[in-house]
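Asker: Return atomic coordinates for the entry below.
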Amino acid sequence: MSKWRVVIVAESSPSTPGCDCLAHRFGNAADRPERRPRYVSEMSDAEWALVRDLLPVPGWLAGRGGRPEGYCHRQMIDAVRYLVDNGIKWRAMPCDFLPWPRVYAFFVRRRDLGLVAELHDRLREAVRRSQGRTEEPTAGVVDSQSVKADATVTHVSRGFDAGKRINGRKRHLLTGTLGLLLAVQVTPASTTDRDAARVLLPTAKQHFRRLARLWADGGYTGHLTDWTDQHLGLILDIVRRSDDVRGFQVLPRRWVVERSFAWLLRSRRLVRDYERRTDTGETVVLWSMTMLMSRRLAAQQCPAPARAA
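Answerer: The predicted model follows:
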């Protein structure tokens, strides 16, 4: 039996500049050609410049120990964005990216350590600053969306929404007045909006202490309005739909969170719920919103050229 051992070096893309992996920190920058995006979901150089500055610093760079990461962060993020945007299976990851088990491990590690939420919050603060707002909002809108669940979703984490006649899960969103996500919670579709809000709102209040006013639909009426005022110091206003109006109607304040749901459905991974775990579904929502905000910031810094007359 041979005593030779094969040393496997962590893969990285030599054409991806500006990463914190070993290959790019200690490699020769002149040997790396300019990277060209191959898919619509991939980041442009201007977008990556924004995201790279907002990424949490790896532990081995901050002196907290740990094994140095040998893969390319930009290529890993592009792979996750491709999955969220196109709704593919993990095993169907294109060969242009790293092997899917490695991308999945990157996704799970960022989910469990809360690094995706940290990147999302930093992007949201940057977007709010670009709009002339303070980093922490004072008002928000809360609502839920029922989506069908795939066969991979276990029966324990799914339910039946009798009002929408949907067997699946619910996404409970709390957004600011700009429509940017503040908090998300995924529950079985049988969970009522009031019960989910008693978990979602206290968590959000701990992170956003200046939050003082919320708007919601008729599903949040009842004891919840008094409970939020007494225990959280939040004013919950119910925006009701007029019974005399038929068809579509734009309701004050409530349309903001409805638009946020429409933004999420641009990502095909969120058209249905394919995730076995609810926290994975919440992480996919965060990834979808990071795509939207990073593109918006990059478009503001690099406006489109004017058309010739």
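
Asker: and the residue nearest to E125 when sequence neighbours are not counted, which of the three is it?
Answerer: Spatial nearest neighbour of E125, chain neighbours left out: E135 (4.2 Å); criterion: CB to CB, 6 or more residues apart in numbering. All C-beta atoms are positioned from the backbone trio N, CA, C, and that covers glycine. Under DSSP: H, G, I helix; E, B strand; the rest coil, E135 falls in the coil class.

Asker: What ranges does this structure have for its helices?
Answerer: Per DSSP state H, the chain carries helices over the ranges 22-25, 45-54, 73-86, 100-113, 115-130, 193-207, 223-227, 254-264, 278-301.

Asker: mean pLDDT for those: which is lowest?
Answerer: Per-stretch mean pLDDT for these is lowest at helix 22-25 (a mean of 47).

Asker: V271 reaches L265, doesn't it?
Answerer: Yes - with contacts counted by CB atoms under 8 Å, V271 reaches L265, the gap being 6.0 Å.

Asker: R210 and E135 touch, don't they?
Answerer: No - assessed by CB under 8 Å, R210 is found out of contact with E135, at 9.8 Å.

Asker: residues in contact with the residue lying closest to A126 once chain neighbours are set aside?
Answerer: Spatial nearest neighbour of A126, excluding adjacent residues (CB to CB, 6+ apart): L297 at 5.9 Å. L297 sits next to E47, L50, L123, A126, V127, S130 when contact means CB atoms under 8 Å, 6 or more residues apart in numbering.

Asker: isn't the fourth one right up against D53?
Answerer: Put plainly, it is A126. No - the criterion here is CB under 8 Å, and A126 misses it with D53 at 9.4 Å.

Asker: so how far is stretch 125-141 from its chain's centroid?
Answerer: Relative to the centre of its chain, stretch 125-141 is centred 17 Å away, using CA atoms, centre = their mean, to the nearest Å.
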